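In: A structural model of the following input is requested.
(one chain, ligands or ions: 2)
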Amino acid sequence: MTNKYDYDVLYIGAGHGTFDGAIPLAKTGCKVAVVESGLIGGTCPNKGCNAKITLDQPVKISREIENSNELEGNIQINWEKSLKHKQDLIDQLPPMISGLMKSVGIDIVKGHGIFKDQHTVVVDGNVTVTADKIVVSTGLRPNRLDIPGDDLAHDSENFMNLKSLPKNIVIMGAGYIGMEFATIANAAGSKVTVLMHNEMALREFHQPFVQKVVDDLKKRGVTFVENAKITSLEESGADIIVTCDGQKIQTDWVLDATGRIPNIEKIGLEKIGVKCNKHGIIVNDHLQTNVDNVYASGDVIDKIQPRLTPTAVFESTYLMKLFSGVTTGPIVYPVIPTVTFTSPRIAQAGVTVEEGVQKGYKIVDSDLTGDWYYQVDNEPIAESKFIYDKDNKLVGVTEVSDKADDVINTLLPIIELKLDSEQLGRIVSLFPSISSDVMGRI
Ligand SMILES: Cc1cc2nc3c(=O)[nH]c(=O)nc-3n(C[C@H](O)[C@H](O)[C@H](O)COP(=O)(O)OP(=O)(O)OC[C@H]3O[C@@H](n4cnc5c(N)ncnc54)[C@H](O)[C@@H]3O)c2cc1C
Ligand SMILES: NC(=O)c1ccc[n+]([C@@H]2O[C@H](COP(=O)([O-])OP(=O)(O)OC[C@H]3O[C@@H](n4cnc5c(N)ncnc54)[C@H](O)[C@@H]3O)[C@@H](O)[C@H]2O)c1
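Out: Ligands and ions are numbered 1, 2, ... in the order given. Next comes the predicted model:
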């Protein structure tokens, strides 16, 4: 592209918002560098999706055994072994990802990057790197409640590194992290209390389905406190006292799961005039900031799309196409599915039930506990809602069940590509399988 700078494209951050696009971009002959202050791969492999799903796997298996009539005996999760398995698996990921980057000629600069000017980034105050285009892909960090004693609380990464599981855990927040980690901690034997900001857990999901998950967790011994006003955390010997609505809750460990905030400070964005707000970096439909050679990718963008790995992958891949001249057009997001890895899962894609009702679309509600394929596993909680537009095309779906993630993945191409009944008739699935079951429901 250019000889004026050290690199054609420099990325700040080495998560999915970067490497899924940077690797193919480097393969096109573009000169690429990546600055990373933490672990290569960023949040998802090291302290997000991959780490979490490995800790969830024994929970999923124990639920399957619990539902089965044929398998007997008590199942106990061994936290220490579960933690070791997680660590053994995720330790492989940073070297694997950096190996892929290096194999296509990407230079990795370890350290904290700060803009000096719109083409120059200084790493750890001593290495200067220049580039024609710079992509800010610095992700999010955990929010900290602004209350006295907030430093006594821990974050999701700390939870996934706990050497032994505390007897009691208080979780502040009932979003993705609050609900997934409540599920894991409860199944592994901790007494969990979830402090909810209002009356709604998992506000992005269909609330009648969320209620089923909450009710199930309550039956398993999790306490939910609605409309909790948390005012302080205090040390009391080895314990922590959480003051909430004037009540004092004594606990061993506190998880702050009250959201994640963008990493937009201390990287010199204000110096070069990049516009941001409290939700992240403001970009146009080409993921370009108001400074024309500076782009943003992944969770750090202020956007309506869910801040998830598939979104970050799509954005970094789009930038690869833009920078290599494959496209000049704007980013057009596909249907991005979402799932909460509680047990059962809740997953959804496309038009939500609430939007469907507003638009007068047909909603087909199926209780799946009587469905043959769900009876094979004796699933006690299983329901789906399919949303059809005025042309009777499937435009949205949500499901609560142990198989919800696979169901949504099966239906995703149908919703995204807006397949008609003739095209649907050309799809035959393996039998018996969840795909075959769900295709029969359309
Ligand atoms: C506990 C947890 C569970 C999750 N589970 C899921 C899930 O199941 N499914 C899903 O789709 N998503 C999940 N997510 C979200 C997912 O991890 C993110 O959407 C994804 O990692 C975003 O990628 P990113 O590249 O935008 O940011 P990140 O992966 O956060 O990468 C940003 C990188 O930038 C680096 N950085 C920041 N500032 C600088 C600087 N100045 N200089 C150099 N480097 C810098 C950071 O160290 C970091 O490595 C989860 C998140 C968490 C926290
Ligand atoms: N399965 C997945 O895809 C998955 C899993 C985990 C995390 N993530 C991603 O990680 C990010 C962060 O997840 P999260 O769970 O931290 O955020 P979130 O926004 O999902 O949930 C935060 C919760 O904290 C509550 N809250 C806020 N202030 C509070 C207060 N003062 N007291 C009590 N509760 C309070 C909110 O009402 C909300 O329920 C999201 O971007 C999400 O996309 C995704």
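In: per-residue confidence at the spatially most central residue of the chain?
Out: Centroid-nearest residue in the chain, with Cα atoms, centre = their mean: L308, separated by 4.2 Å. The per-residue pLDDT reported for L308 equals 98.
In: So which residues on the stretch 151-300 of the chain come close to ligand 2?
Out: Taking Cβ under 6 Å from any ligand atom as the measure of proximity, the stretch 151-300 of the chain contacts ligand 2 at 172-178, 180, 195, 197, 228, 230, 257-260. For glycine as for every other residue, the C-beta is placed from the backbone atoms N, C-alpha and C.
In: Strands - which of the residues you listed land there?
Out: Among those, the residues falling in strands (DSSP state E) are M172, L195, I230, R260.
In: For the residues you listed, give me JSON lines that also has pLDDT and neighbour count.
Out: Below are these laid out as JSON lines (pLDDT from 0 to 100; neighbours: other Cβ atoms under 10 Å):
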{"residue": "M172", "pLDDT": "98", "neighbour count": "25"}
{"residue": "L195", "pLDDT": "98", "neighbour count": "25"}
{"residue": "I230", "pLDDT": "97", "neighbour count": "23"}
{"residue": "R260", "pLDDT": "98", "neighbour count": "20"}
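In: give me the residue from the protein nearest ligand 2.
Out: G175 (1.8 Å; Cβ to the nearest ligand atom).
In: right, and that residue touches L202 too?
Out: Yes: using Cβ atoms under 8 Å, G175 makes contact with L202 at a distance of 6.5 Å.
In: Same drill for these two, tell me which one is more crowded.
Out: L202 (22 against 19; other Cβ atoms under 10 Å).
In: Can you tell me the closest non-neighbouring residue to the more buried one?
Out: V210 (4.7 Å; Cβ to Cβ, 6 or more residues apart in numbering).
In: For that neighbour, what are phi and psi?
Out: The main-chain torsion angles of V210 are listed as degrees, to the nearest 10 and equal phi -60, psi -40.
In: gap between it and V136?
Out: Plainly put, V210 is 34 Å away from V136 if you go by Cβ to Cβ, to the nearest Å.
In: SS state for L430?
Out: For L430, the secondary structure call by DSSP: H, G, I helix; E, B strand; the rest coil comes out as coil.
In: so what's it up against?
Out: S436 (Cβ atoms under 8 Å, 6 or more residues apart in numbering).
In: Count the residues that sit near V135.
Out: Applying the criterion other Cβ under 10 Å, we find 30 residues in the vicinity of V135.
In: try the one 10 residues further on
Out: Residues lying near L145 (other Cβ under 10 Å) number 18.
In: quick one: secondary structure of it?
Out: Assigned by three-state DSSP, the conformation of L145 is coil.
In: per-residue pLDDT, it?
Out: pLDDT, L145: 97.
In: sorry, back to before: give me the distance between the residue nearest to L202 and E80.
Out: 32 Å.
In: So those two - more neighbours on which side?
Out: Between V210 and E80, V210 has the larger neighbour count (other Cβ under 10 Å), namely 21 against 11.
In: So what's the residue count around D406?
Out: Tallying neighbours of D406 according to other Cβ under 10 Å, which is how burial is gauged here, yields 18.
In: any idea how far it is from I346?
Out: Separation of D406 from I346 (Cβ to Cβ) stands at 13 Å.
In: and if you look at K418?
Out: Where I346 is concerned, K418 sits at a distance of 24 Å (Cβ to Cβ).
In: Between these two, point out the one with more neighbours.
Out: More neighbours surround I346 than the other of K418 and I346, with 26 against 14 (other Cβ under 10 Å).
In: Is it correct that the more buried one is in contact with V213?
Out: Yes: with contact defined as Cβ under 8 Å, I346 counts as touching V213 (6.4 Å).
In: any common contacting residues for those two?
Out: L202, T340, V400.
In: Please tabulate those residues in JSON lines, including the columns distance to ligand 1.
Out: Output for those, formatted as JSON lines (distance: Cβ to the nearest ligand atom, whole Å):
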{"residue": "L202", "distance to ligand 1": "13"}
{"residue": "T340", "distance to ligand 1": "8"}
{"residue": "V400", "distance to ligand 1": "17"}
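In: Closest to E383 out of the residues you listed?
Out: Proximity of the shared contacts of I346 and V213 to E383 (Cβ to Cβ) peaks at V400, which lies at 5.6 Å.
In: what's the closest non-adjacent residue to the closest one?
Out: V400 sits nearest to F209 (Cβ to Cβ, 6+ apart), 3.9 Å away.
In: Now do the lengthiest helix in the chain: which elements does it pack against?
Out: Criterion DSSP state H: the longest helix present in the chain is helix 49-67. With contacts defined as 3 or more Cβ pairs under 8 Å, 6 or more residues apart in numbering; DSSP states H and E, the packing partners of helix 49-67 are helix 79-90, helix 176-187.
In: average pLDDT across the last one?
Out: Put plainly, it is helix 176-187. For helix 176-187, mean pLDDT rounds to 98.
In: What of the first one?
Out: Here helix 79-90 scores 98 as its mean pLDDT.
In: ok, and does it reach over to ligand 1?
Out: No: judged by Cβ under 6 Å from any ligand atom, helix 79-90 makes no contact with ligand 1; its nearest approach is 12.1 Å.
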